[in-house]
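Return a 3D structure for these sequence lines:
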Amino acid sequence: MLQRLAVLSRPPAAARCLSSGSVDITIPLNFWAGQRRTSQEGKSNKEKVYEPATGRVLCHLEPCGAMEVDQAVKAAKLAFGPWSRMSGMERSRVLIEAAHIIEARREDLAAMEVVNNGKSITEARLDVDSARLCVEYYAGLASTLAGQHVQLPGGSFAYTRREPLGVCVGIGAWNYPFQIAAWKSAPALACGNSMVFKPSPMTPVTAVLLAEIYAQAGAPEGLFNVVQGGQETGGLLCRHADVAKVSFTGSVPTGQKIMEMVSKGVKPVTLELGGKSPLIIFQDSDLENAVRGALMANFLSQGQVCSNGTRVFVQKEIVPQFVEEVVRRTEAIPIGDPLLDSTRMGALVSRPHLDKVLSFVDQAKKEGATVLCGGEPFVPADPKLRGGYYMTPCVLGDCRDEMSCVKEEIFGPVMSVLSFQTEEEVLQRANNTTMGLAAGVFTRDVRRAHRVVERLEAGSCFINNYNITPVEVPFGGFKMSGIGRENGQVTAEHYTQLKTVFVEMGDVDSLF
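I've put the predicted structure just below:
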């Protein structure tokens, strides 16, 4: 068991052996009460987990049933008592140590993220950095949580207390497995809560590594637990009587189901859902930066990013120059082995998802869009990678607002370019969507930039940049893109409840 565990901590060069058949990840990927656990439910119901880069079976997932979920929640409930009574400084020390461990294991964690998710090693390193910075940030915030003192007549006063909620549930997505686990757990733990986390069943490997890191850092047994599984396991967590809050990242339809389940217990919920975000490029923009921004807004993580600015509105006068440069750079993106430093685009997460993204390109062509480049399956030269889930990044021209590629979230490396003439026109078109996660604007006119951002119906807006998510800044959406925020100081409000205390310093003034 310990020898196999060591495999998960080897340098990136050794990570490829996980898909070669020479090593089998048979260690349990569930974790509660301080150690990895085998699911009784999963013994007869194991699910295959594939390595996106090769298409080979990476490991087998053991989903958790009612008994395992209950054990994990009970472990979290036991840990909540002593953890919630610690001072902010005491909790901070544990989180700081966890951040140091993440930093020391950066290469190992990034390599495992690549093997399990398919994104490039360069991006995976940045994801691990983001996770570490998030843990560091909330370590600093832990000792600053405080209420308010209100002076009242006659010497009486009132005060408020920010108190932890209890056992929180985090449900993660497959596009940023390790980062999302940190983004959800760090603020929850800093505020004095415990957590049970369920990763996506497609990317189950790295969340359990975070659980071990917290334990190594000195967290009480049961403070951060990991249960594996799909919809059934998620439903058991949402409906559990001892769960105080649920934080979910994923699709709008799943978010709606979670909100409905959680509402039965009148529990707070944070939902970070999908997007179909606009990126508006005015003719006075710095074209070099606008092109860079558009590429960052569409092709990070093979386009599998909820905040991506996939509706690229370009002012009519500069469409030819913009399209020419975007296509040139898109065609030059190195695709292939995600563990190589030279790779900039790895594999999509699964074969069905790749097929879905390619079908959107086919539908766009039928609806009249022009494929300016890409949008085809890609087969790397390396024979070990020929079963992987690759495609060439795609730029679509001649797009119209009513097209499927413009209206629906593709969640792949597909950019839709649309032209516009006036500011008023583009704002109406940009806001004509049920979602509102992110939006961006490129212009040299600072007054126009702020004027446009004020009218954009999106929770996270960018001026002359895109997809920048510092942990100090809240991230989340409007409309059907979600409720609540990740990151920033405001997240402490989502992981605490406010208690008001009135203190009478005189006699009771009674009407009776």
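
all contacts plus neighbour counts: C-alpha atoms, from now on.
Fine.

Checking residue 221 next. Helix, strand or coil?
Classification of residue 221 by DSSP: H, G, I helix; E, B strand; the rest coil places it in coil.

now that we're looking at it, which residues does it contact?
Counting by Cα atoms under 8 Å, 6 or more residues apart in numbering, residue 221 touches 32-34, 75, 79, 215.

okay if I get those as CSV plus distance to residue 372, neighbour count and secondary structure?
Shown next, in CSV, are the contacts of residue 221 (distance: Cα to Cα, whole Å; neighbours: other Cα atoms under 10 Å; DSSP: H, G, I helix; E, B strand; the rest coil):
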residue, distance to residue 372, neighbour count, secondary structure
32, 50, 26, strand
33, 53, 22, coil
34, 53, 19, coil
75, 54, 24, helix
79, 55, 23, helix
215, 50, 21, helix
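
ok, those residues vs residue 366, which is closest?
Closest approach between these and residue 366, by Cα to Cα: residue 32, at 50.4 Å.

Nearest residue to that closest one in space, please, no chain neighbours.
Nearest non-adjacent residue to residue 32, counting by Cα to Cα, 6 or more residues apart in numbering: residue 225, 4.6 Å away.

Do you know the pLDDT at the one you found?
At residue 225, the model reports a pLDDT of 98.

Same check on residue 333?
pLDDT, read off for residue 333, is 98.

cool, and residue 469?
For residue 469, the pLDDT comes out at 94.

Provide a list of residues in contact with the nearest residue to residue 330 once chain neighbours are set aside.
Once flanking residues are discounted, residue 330 sits nearest to residue 393: 6.6 Å by Cα to Cα, 6+ apart. For residue 393, the contact set (Cα under 8 Å, 6+ apart) comprises 299, 302, 330-331, 373-375, 413-414.

hmm, which two among these are most spread apart?
Largest separation among the contacts of residue 393 by Cα to Cα: 302 and 373, giving 15.2 Å.

For these two, indicate the residue with more neighbours.
Applying other Cα atoms under 10 Å to residue 302 and residue 373 shows that residue 302 carries more neighbours, namely 26 against 18.

Hmm, residue 350 and that one touching each other?
No - Residue 302 is beyond contact range of residue 350, at 11.8 Å (criterion: Cα atoms under 8 Å).

Contacts for stretch 286-298, please.
With Cα under 8 Å, 6+ apart as the test, stretch 286-298 has contacts from 279, 281, 307-310, 312, 322, 325-326, 330, 413-415, 442-444, 464-467.

Using PDB, write out every CA atom in it.
Below are the C-alpha coordinates for stretch 286-298, written out as PDB (Å, rounded to 0.1, in the frame of the first residue of the first chain):
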ATOM      1  CA  ASP A 286      -4.400  47.400 -28.700                       C
ATOM      2  CA  LEU A 287      -4.700  44.700 -31.300                       C
ATOM      3  CA  GLU A 288      -1.800  42.600 -29.900                       C
ATOM      4  CA  ASN A 289      -3.300  42.500 -26.500                       C
ATOM      5  CA  ALA A 290      -6.800  41.900 -27.800                       C
ATOM      6  CA  VAL A 291      -5.600  38.800 -29.700                       C
ATOM      7  CA  ARG A 292      -3.800  37.600 -26.700                       C
ATOM      8  CA  GLY A 293      -6.900  38.100 -24.500                       C
ATOM      9  CA  ALA A 294      -9.100  36.300 -27.000                       C
ATOM     10  CA  LEU A 295      -6.800  33.300 -27.000                       C
ATOM     11  CA  MET A 296      -6.700  33.200 -23.200                       C
ATOM     12  CA  ALA A 297     -10.400  33.600 -23.200                       C
ATOM     13  CA  ASN A 298     -11.000  30.500 -25.300                       C
END
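
Centre of the chain to it, how far?
Centroid separation for stretch 286-298 versus its chain: 22 Å, with Cα atoms, centre = their mean, to the nearest Å.

Show me which residues of that stretch are buried.
Buried residues in stretch 286-298, defined by neighbour count with 16 or more other Cα atoms under 10 Å: 287, 290-298.

and if you look at stretch 241-251?
Result for stretch 241-251 [16+ other Cα under 10 Å]: buried residues 242-251.

Out of the residues you listed, list just those in helices.
Within those, no residue falls in helices by DSSP state H.

Using a markdown table, please lay out those together with distance to residue 55 and pLDDT.
Shown next, in a markdown table, are these (distance: Cα to Cα, whole Å; pLDDT from 0 to 100):
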| residue | distance to residue 55 | pLDDT |
| --- | --- | --- |
| 242 | 39 | 98 |
| 243 | 37 | 98 |
| 244 | 39 | 98 |
| 245 | 36 | 98 |
| 246 | 33 | 98 |
| 247 | 31 | 98 |
| 248 | 28 | 98 |
| 249 | 25 | 98 |
| 250 | 23 | 96 |
| 251 | 24 | 95 |
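
Kindly indicate which of the residues you listed lies nearest residue 156.
residue 244 (33.0 Å).

Next, the contact list for the closest one, please.
165-169, 267-268.

same thing but at 10 Å, please
Applying Cα atoms under 10 Å, 6 or more residues apart in numbering, we find residue 244 in contact with 164-169, 193, 195, 238, 262, 265-269, 495.

Show me those that map onto strands.
Within the contacts of residue 244, residues falling in strands by DSSP state E are 164, 167-169, 195, 269.

Which one of those is nearest to residue 109?
residue 195 (21.0 Å).

what about the strands in the stretch 401-512 of the chain?
414-420, 435-436, 438-442, 460-463, 478-479, 482-483, 496-503 (DSSP state E, counting those that start in this stretch).

now the ones you listed as JSON lines including mean pLDDT and distance to residue 208?
Shown next, in JSON lines, are those (pLDDT from 0 to 100; distance: least, Cα to Cα, whole Å):
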{"stretch": "strand 414-420", "mean pLDDT": "98", "distance to residue 208": "32"}
{"stretch": "strand 435-436", "mean pLDDT": "98", "distance to residue 208": "32"}
{"stretch": "strand 438-442", "mean pLDDT": "98", "distance to residue 208": "30"}
{"stretch": "strand 460-463", "mean pLDDT": "98", "distance to residue 208": "30"}
{"stretch": "strand 478-479", "mean pLDDT": "98", "distance to residue 208": "31"}
{"stretch": "strand 482-483", "mean pLDDT": "96", "distance to residue 208": "26"}
{"stretch": "strand 496-503", "mean pLDDT": "98", "distance to residue 208": "25"}
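
Of the ones you listed, flag the one that's most buried.
Across the strands of the stretch 401-512 of the chain, averaging neighbours per residue (mean count of other Cα atoms under 10 Å) puts strand 438-442 on top, at a mean of 28.

What strands line up against that one, and which way round?
Here strand 438-442 has these sheet partners by DSSP bridges: strand 278-281 (parallel), strand 460-463 (parallel).

what's the closest of these to residue 84?
strand 460-463 (31.7 Å).

How about residues contacting the closest one?
By Cα under 10 Å, 6+ apart, the residues outside strand 460-463 that reach it are 277-280, 293, 307, 436-444, 446, 449-450, 452-454, 466-469, 473-478.
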